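Engineer: quick one, what's the 3D model for this:
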Amino acid sequence: MTFGSSFLEMLRWRSALISVAVLSAVASDPSAAYSVTLSGTVCYSGSQGPVSAERPIELIVSERQDKVEGHGFYNEQYRVAENCGHFQFSVPAAGNYYLFYALGIYPGGNTGVGAPYELYNNRCAPVDARDPIPVPPSSLAGASLDFDDTCILPGIGGTVTYTGQRGVVSSESPLGVQMFDNPEFRGDPVVDTGHDGVQSNGGRYDLIIGPGTYYLRALFDLNGSRDGWDPTEPFGTCGPVSPNQTAMHITFDDTGAATCRSCVGDCNGDGEVTINEIILLVNIALGNTPLSACTAGDADARGTIEINEIIIAVNNALSGCPGR
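Structural biologist: Below you'll find the predicted structure:
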């Protein structure tokens, strides 16, 4: 399953852009205000809660099935800060809309690789098989959504760190991570970190993508061009890598070399292993929680969590992840 380049960033960017456009239109013509609503409640019953202001449920509604292609279509987001809380969208008109909702498990309440999610009508994948939710002219109230850990956003995520001497990472000169389907890095990336990139050194990246074998290129956008990699800029490559690695940490310098490491037990990819993550691994080992809740605990990629992997994770919790 491929959500497309810069999936989450594009959704949020379009939401902000369209909100500005709507406000401008309403200011000049009050009759342009939306009058059809889509509302209801959303509940999360998985193991990565509880839902809160720091860990909200993010909902995104779009009038397009693919969500991220084209211009001028309706796309809006809403955050719910309590479990089974209320949401409400004002949509342009009656019709079919597409709903995506996920738990914001990362700092700032952001969602990303490894986060529980669902598409309307209990769909996971593929993305082109999602069902529409029909909104009549009289509006739709009382939609009841619920999800757990069955669907986990697939891909590769972690932190990216530049250790060279050619500049300071910032919003003007961010880091970026690109994913390719070939070891020669030919053509356009399959997915990347998007226009904004990673604006703090050691910050998190997320590349949401389905099964396959991929190769990563980390880069430092020194000139702030935001148009991909310039051969004069620092970079580093690594691979092959496969999706569902939520803790792939990349470090690169000015030599073109990169280190890609995955920390066993670092379920959310923040560069450390916590007691909650150890408990999560134990529950997976006991069969109480699906492996999808923490694939970073499966060091040998055998599809199970074994006692030796829990011991490695405990050591990482006590001594720190390798390279940190």
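Engineer: so where is the stretch 151-300 of the chain shaky, pLDDT-wise?
Structural biologist: Across the stretch 151-300 of the chain, the ranges flagged by pLDDT under 70 are 244-247, 300.
Engineer: where along it do the strands fall?
Structural biologist: 155-162, 175-180, 191-192, 203-208, 214-220, 235-241, 248-252, 258-262 (DSSP state E, counting those that start in this stretch).
Engineer: using JSON lines, lay out the ones you listed together with distance to residue 78 and mean neighbour count.
Structural biologist: Glycine gets a C-beta too; all of them are placed from N, C-alpha and C. Listed next are those as JSON lines, based on distance: least, Cβ to Cβ, whole Å; neighbours: other Cβ atoms under 10 Å:
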{"stretch": "strand 155-162", "distance to residue 78": "23", "mean neighbour count": "26"}
{"stretch": "strand 175-180", "distance to residue 78": "28", "mean neighbour count": "24"}
{"stretch": "strand 191-192", "distance to residue 78": "25", "mean neighbour count": "23"}
{"stretch": "strand 203-208", "distance to residue 78": "20", "mean neighbour count": "24"}
{"stretch": "strand 214-220", "distance to residue 78": "32", "mean neighbour count": "24"}
{"stretch": "strand 235-241", "distance to residue 78": "33", "mean neighbour count": "19"}
{"stretch": "strand 248-252", "distance to residue 78": "30", "mean neighbour count": "25"}
{"stretch": "strand 258-262", "distance to residue 78": "33", "mean neighbour count": "18"}
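Engineer: now residue 200: closest residue in space that isn't a chain neighbour?
Structural biologist: Among residues not flanking residue 200 along the chain, residue 169 sits closest, at 6.4 Å (Cβ to Cβ, 6 or more residues apart in numbering).
Engineer: wait, that neighbour sits on residue 197?
Structural biologist: No. The pair residue 169 / residue 197 is not scored as a contact, 9.1 Å apart, by Cβ atoms under 8 Å.
Engineer: compare those two and say which one has the larger neighbour count.
Structural biologist: Using other Cβ atoms under 10 Å, the more surrounded residue of residue 169 and residue 197 is residue 197, with 24 against 21.
Engineer: how about that one, what does it touch?
Structural biologist: Residue 197 makes contact with 174, 175, 176, 221, 226, according to Cβ atoms under 8 Å, 6 or more residues apart in numbering.
Engineer: what helix or strand is residue 59 on?
Structural biologist: Assigning secondary structure by DSSP states H and E places residue 59 in strand 57-62.
Engineer: save the strands of the stretch 151-300 of the chain as a markdown table, and put in distance to residue 135 too.
Structural biologist: As requested, the strands of the stretch 151-300 of the chain are exported to a markdown table (distance: least, Cβ to Cβ, whole Å):
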| stretch | distance to residue 135 |
| --- | --- |
| strand 155-162 | 30 |
| strand 175-180 | 35 |
| strand 191-192 | 31 |
| strand 203-208 | 27 |
| strand 214-220 | 38 |
| strand 235-241 | 40 |
| strand 248-252 | 39 |
| strand 258-262 | 43 |
